[in-house]
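> with the sequence up front, the predicted model follows.
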Amino acid sequence: MTRLLERVVVPVASEADAIETARALTPHEAELGDVTLTYVVEKAGGAPDKAGVEQREEAAREAFDAFAEVLPAVTADHRIAYDTDIVDGILGVVDETDATAIAFTPREGGRFVRLLTGDISLRLVTGADVPVVSLPRRGGDDAGDEDGESGAVDGDEDE
């Protein structure tokens, strides 16, 4: 039987989100197999993008580095997905890696924000063909929300 976290996709939206997620995974470090950190660059699909691709790729590298600082013993592959939909980008990586699960820390956001943004967490949970592990927020001084222009896991981007 396959272990739940044998091949896990871990989406991160920003440096702060990566820190928060790594902290939440710390108690489960011994259970982690292959980890694929994923950052989705949300493309506008013909409209001008919010930020340049280079800027977003740099944000992805910063998020990957931040995760590694919190969990240095975990060797993770890094994937930057380019998609017009964040959930589709994450699920594409799940398919590519033959993942056994997705693990993420939901970002805070009120009902109104979720109504406007489509609640990415809900879509991820209901659209995935693998188990989705929602990790508890562990808190900390530097684990707040940042600008979240792309790669958001809970649809609470700045508007």
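Looks like it arrived, so ask away. Residues are numbered from 1 along each chain as shown.

> okay, and the beta partners of the closest residue to Leu4 other than its chain neighbours?
Once flanking residues are discounted, Leu4 sits nearest to Ala101: 5.2 Å by C-beta to C-beta, 6 or more residues apart in numbering. Using the backbone N, CA and C atoms, a C-beta is placed for each residue, glycine as well. On the basis of DSSP bridges, Ala101 is bridged to Val8.

> quick check: Ser14 touching Ala63?
Yes. Contact status for Ser14 versus Ala63: in contact at 5.9 Å, counting by C-beta atoms under 8 Å.

> what helices or strands is the longest helix along the chain leaning on?
As assigned by DSSP state H, the longest helix anywhere in the chain is helix 53-70. Applying 3 or more C-beta pairs under 8 Å, 6 or more residues apart in numbering; DSSP states H and E, we find helix 53-70 packed against helix 15-25, strand 34-42, strand 76-83.

> re the thing from before, is it true that the residue nearest to Leu4 touches Pro131?
Yes. Using C-beta under 8 Å, Ala101 is in contact with Pro131, at 4.7 Å.

> can you find the helix or strand in the chain with the smallest mean pLDDT?
When the helices and strands of the chain are scored by mean pLDDT, DSSP states H and E, helix 111-117 comes last with a mean of 55.
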